[in-house]
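Participant: make a model of this:
(chains A and B)
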Amino acid sequence: MTLLVTALVTGLGLGAMYGLIALGFQITYSVCSRVNFAQGSIVMLGAVLGYVLTQRAGLPVIVAYPLALAGCALMGMLVELLLVRPFANRGSEAWLMATVAGGILLDNAVLFTFGNEPRSLPSPLVGQTWQILGTGVYPQQLLIPVVAVGLAVALHVLFRKTRQGRALLAVVQNPEAARLMGINTTAMISGSFALSAVLAGVAGLLIAPLFSVHSDMGTLFGIKAFAVAILGGMTSASGVMLAGFIYGLVEALVTTYLGSSYTYIAVFALLIVVLAAKPNGLFGRAALRKV
Amino acid sequence: MPRRLPLTRRTLLAGATALGLATAFPATAQDGPIKIGLVAALSGQSAKSGEAITRGITLAMDKINAEGGVMGRQLELVSRDDESNPGKGLVAARELVQREGVAALIGGLDTPVSLAIVPFANEAKVPFMGPWAAGTPITMNGAEENYVFRVSAVDEIVDEAITEYLVSKYGAKKPGMILINNPWGESNEKGLMKALEKRGMEHAGIEKFENNDVDVVPQLTRLKENGADGLFLVANVAPSAQVVKSLDKMGWDVPVASHWGPAGGRFTELAGDSGEKVHFIQTFLFDSAEHPLYMKLTEKFPEVESLADVTPATGIGNAYDATLLLAAAIEAAGSTEGPAIREAMYTITGVEGVIKTYDTPFTPENHDALGPNDYIMSQFVKGEIIPIAD
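Facilitator: Presented below is the predicted three-dimensional model:
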């Protein structure tokens, strides 16, 4: 019983985290069929900026975290401007490698400026544990799914109910027509990269107190989140979020019942099987080729 | 305006001759300094280890040079960065031996890098001294003429020591292992199994985790359910901290005996107060700010302001003693030729290091100067590493 509860708690917490980062992939993919492979590094950037602004500059969280997220948004826009747009404009797929390189560049820039020593970002929600069905949980662990699901819902509302959101969807459906209708598609695409980076930053700030802050903390998250985005099908926010939970739960259940030696083998084998059976992911729709 | 040097055949020839001379007879300059090569991580995640080793060697060389050097010649350190990459380490070692003509090599923190250099050192007949990397096969490499020596911990002996610690101090009967998923973790898995088998003990499971795992609760819960009454921990500082946080969450108060990973950084900042419960091995530590070597260190390197700035001191102490032993062997050999130095290694006695006084530290069968009696079980208290009182 304890084993099962432990696995569920761990799985939901990690799953929400993967889902949140994967949402970032989904947003830009929906808008312009491209993704920022530096997403994992932006998770790290959010955590590092959060650490530097609160611990070194001594700013209160209420000021520091929005600033950190603004920094992430700026980085997202820079990635789009410098590493995606120049290639996309020429119809090249080299943005793929360019964003990977951008992530490595960012990791190393942080390594040299922030230092190579892992540091700890304190949070009042870590330290005291709550007992749930015989297993201990930090409140911070419960905050992650709450924030992640909240943001997924907010995004859904943004896309469906607001003018800007509908404009984004118009860009998704037909960029040419959208431009003719007076929608600034360039700004919309730039905005989608900024939004995607903010989600990564939120994930970084949420995970940092449970983890440690260092320059390569985001790499593995970025890879797993991309797997989650593919698993969820890239096209729907709720699908990606659900896929995050499924991935996190499978990972935790495999580790708990089969042992950690099998975690990656089992999880990624399962991923391949799912994609073989459902090439568009669990919740994705086949993309219509527009000629 | 400076005139461009005309590129005549004569200058070319002169340049080529000079270059040829420099590479062909690197070690024949009898009156110049004796060069010692260092291949360690000077950048990247492990850069702090390279810094510690450099400081230890520098202090030892200062002492030796102030006392007249070795065979009347000064010692000089030539450093190369291996970036924790075995390929780069091997290239750097070759370059140091073949171009710089170093009399001996000193290695760094990373076992894989040292393992890459070992066959080259044995083949080139250049003594290779390890002040940190603990991998068992570095010194026990099976070469007929073994040129690799070490002043550091050895995984297999560490595993024996932490097993003994859990058994004798906590009466552990069925400990579990939580190990980092890399060759270092594997090397210790073998060593721990050997130590347990020797005692006819069973274990509660062998669990692996990754450097970037946030939550290790599932692995630890498995060990707990299997009845673990003690834990062996092998991982670097950040992942070790994740294990402690997960133990905290579970509310599981279990004795933890660890390899020296937690010493590599600000462990209690990362792990919280419970980090103090982890007991780990060290070969050297500054017992106070009045330690003579620490005082020399602050004098030479003004950026060192407190003991917390030099964690782990192990790298400094090991490198200091390793350099003294190397110098003693060269002096005894009366030569900078590798085979002569290697033979002399077996004869040195009475070398006063900071870890201990070395009387015949090396024999043809044993190339490790430190043994289980030299290990100190330690813990963090208020951010500093202190030995555990019995």
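Participant: OK, contacts around residue 283?
Facilitator: As the question left the chain open, I've gone with chain A. A:232-233, A:235-236, A:238-240, A:242-243 (CB atoms under 8 Å, 6 or more residues apart in numbering or on different chains). To be clear about C-beta, it is placed using only N, CA and C from the backbone, and glycine gets the same treatment.
Participant: correction: the question concerned chain B.
Facilitator: B:152-153, B:314, B:317-318, B:355, B:370, B:374-376.
Participant: circling back: would you turn the contacts of residue A:283 into a markdown table with secondary structure, neighbour count and distance to residue A:69?
Facilitator: Formatted as a markdown table, those follow (DSSP: H, G, I helix; E, B strand; the rest coil; neighbours: other CB atoms under 10 Å in any protein chain shown; distance: CB to CB, whole Å):
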| residue | secondary structure | neighbour count | distance to residue A:69 |
| --- | --- | --- | --- |
| A:232 | helix | 30 | 24 |
| A:233 | coil | 21 | 27 |
| A:235 | coil | 19 | 26 |
| A:236 | coil | 19 | 24 |
| A:238 | helix | 17 | 23 |
| A:239 | helix | 22 | 25 |
| A:240 | helix | 33 | 20 |
| A:242 | helix | 20 | 25 |
| A:243 | helix | 30 | 24 |
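Participant: where does residue A:158 land on pLDDT?
Facilitator: Looking at residue A:158, its pLDDT is 83.
Participant: I figured it was touching residue A:166, is that so?
Facilitator: No - at 9.6 Å, residue A:158 and residue A:166 do not qualify as touching, with contact defined as CB atoms under 8 Å.
Participant: which one of the contacts of residue A:283 is nearest chain B?
Facilitator: residue A:243 (18.7 Å; CB to the nearest CB).
Participant: what does the stretch 201-350 of chain B have sitting close to chain A?
Facilitator: B:205, B:207-210, B:212, B:214-215, B:217-219, B:221-222, B:225, B:237-238, B:241-242, B:245, B:248-251, B:265-266, B:269-270, B:272 (CB under 8 Å from any CB of the partner chain).
Participant: next, the contact list for the nearest residue to residue A:59 once chain neighbours are set aside, please.
Facilitator: Nearest residue to residue A:59, sequence neighbours excluded (CB to CB, 6 or more residues apart in numbering or on different chains): residue A:53, at 4.9 Å. Contacts here follow CB under 8 Å, 6+ apart; on that basis residue A:53 touches A:59, A:63-65, A:67-68.
Participant: just the local confidence number for residue B:238, please.
Facilitator: pLDDT at residue B:238 comes out at 88.
Participant: confirm it sits in a strand?
Facilitator: No - going by DSSP: H, G, I helix; E, B strand; the rest coil, the assignment for residue B:238 is helix, not a strand.
Participant: residue contacts, the closest residue to it other than its chain neighbours?
Facilitator: Leaving out its chain neighbours, the residue that sits closest to residue B:238 by CB to CB, 6+ apart is residue A:118, at 4.1 Å. Taking CB under 8 Å, 6+ apart, we find residue A:118 in contact with A:212-214, A:217, B:237-238, B:241, B:265-266, B:270.
Participant: got it, and residue A:220?
Facilitator: Residue A:220 sits in contact with A:40, B:210, B:212, where contact means CB under 8 Å, 6+ apart.
Participant: okay, now residue 54: neighbour count?
Facilitator: Picked chain A for this. Residue A:54 is flanked by 21 other residues according to other CB atoms under 10 Å in any protein chain shown.
Participant: ah, I was thinking of chain B
Facilitator: 21.
Participant: how close does it sit to chain A?
Facilitator: According to CB to the nearest CB, to the nearest Å, residue B:54 stands 15 Å off from chain A.
Participant: so what's that residue scoring on pLDDT?
Facilitator: 96.
Participant: contact residues of the stretch 51-200 of chain B facing chain A?
Facilitator: So far as CB under 8 Å from any CB goes, the stretch 51-200 of chain B lies against chain A at residue B:181.
Participant: how about the strands in chain B?
Facilitator: For chain B, the strands defined by DSSP state E occupy B:34-40, B:75-81, B:104-106, B:128-130, B:148-150, B:176-180, B:206-209, B:231-234, B:256-258, B:278-282, B:351-352, B:357-358, B:376-381, B:384-387.
Participant: what's the fourth one packed up against?
Facilitator: For strand B:128-130, the elements it packs on are strand B:104-106, helix B:111-124, strand B:148-150, helix B:314-333, judged by 3 or more CB pairs under 8 Å, 6 or more residues apart in numbering or on different chains; DSSP states H and E.
Participant: what do you get if the cut-off is 6 Å, keeping everything else the same?
Facilitator: Applying 3 or more CB pairs under 6 Å, 6 or more residues apart in numbering or on different chains; DSSP states H and E, one finds that strand B:128-130 contacts strand B:148-150.
Participant: pLDDT of the strand it packs on, averaged?
Facilitator: On average, strand B:148-150 scores 97.
Participant: ok, residues contacting that strand?
Facilitator: Outside strand B:148-150, the residues within contact range by CB atoms under 6 Å, 6 or more residues apart in numbering or on different chains are B:118, B:128-130, B:139, B:362, B:367-368.
Participant: of those, just say which sits nearest to chain A.
Facilitator: residue B:130 (22.0 Å).
Participant: how about the residues of chain A that lie near chain B?
Facilitator: A:3, A:6-7, A:10, A:116-118, A:120, A:129, A:136, A:210-212, A:220, A:252, A:255-256, A:260-261 (CB under 6 Å from any CB of the partner chain).
Participant: one more time with 7 Å, if that's ok
Facilitator: A:2-3, A:6-7, A:10, A:13-14, A:116-120, A:127, A:129, A:135-138, A:207, A:210-212, A:214, A:217, A:220, A:252, A:255-256, A:259-261 (CB under 7 Å from any CB of the partner chain).
Participant: pLDDT below threshold where in chain A?
Facilitator: For chain A, the stretches with pLDDT under 70 are A:286-291.
Participant: remind me, longest helix of it?
Facilitator: helix A:2-32 (DSSP state H).
Participant: so where do the helices sit in chain B?
Facilitator: Going by DSSP H, chain B shows helices at B:9-24, B:47-66, B:86-95, B:111-124, B:136-139, B:155-170, B:183-198, B:217-225, B:237-250, B:267-271, B:292-300, B:314-333, B:338-345.
Participant: worst mean pLDDT among those helices?
Facilitator: Among the helices of chain B, helix B:9-24 scores lowest, at a mean of 51.
Participant: closest to residue B:44 out of the contacts of residue A:220?
Facilitator: residue B:212 (16.1 Å; CB to CB).
Participant: which ones are touching that closest one?
Facilitator: A:217, A:220 (CB atoms under 7 Å, 6 or more residues apart in numbering or on different chains).
Participant: nearest residue to the middle of chain B?
Facilitator: residue B:132 (0.4 Å; CA atoms, centre = their mean).
Participant: thinking again about what came up before, let's have the helices of chain B in TSV, adding distance to residue A:144.
Facilitator: Formatted as TSV, those follow (distance: least, CB to CB, whole Å):
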stretch	distance to residue A:144
helix B:9-24	60
helix B:47-66	31
helix B:86-95	38
helix B:111-124	35
helix B:136-139	41
helix B:155-170	35
helix B:183-198	28
helix B:217-225	15
helix B:237-250	14
helix B:267-271	19
helix B:292-300	43
helix B:314-333	37
helix B:338-345	56
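Participant: quick one: contacts for residue A:195?
Facilitator: Counted by CB under 7 Å, 6+ apart, residue A:195 has contacts residue A:27.
Participant: got phi/psi on it?
Facilitator: Phi and psi for residue A:195, reported as degrees, to the nearest 10, are phi -60, psi -40.
Participant: one more: residue B:289?
Facilitator: According to degrees, to the nearest 10, residue B:289 has phi -70, psi -10.
Participant: you'd agree it is up against residue B:305?
Facilitator: No - the pair residue B:289 / residue B:305 is not scored as a contact, 10.4 Å apart, by CB atoms under 7 Å.
Participant: shared neighbours of the two, anything?
Facilitator: If you check residue B:289 and residue B:305 against CB under 7 Å, 6+ apart, no residue is contacted by both.
Participant: returning to what we had before: among the strands of chain B, which is nearest residue A:19?
Facilitator: Using CB to CB, the nearest of these to residue A:19 is strand B:206-209, at 22.1 Å.
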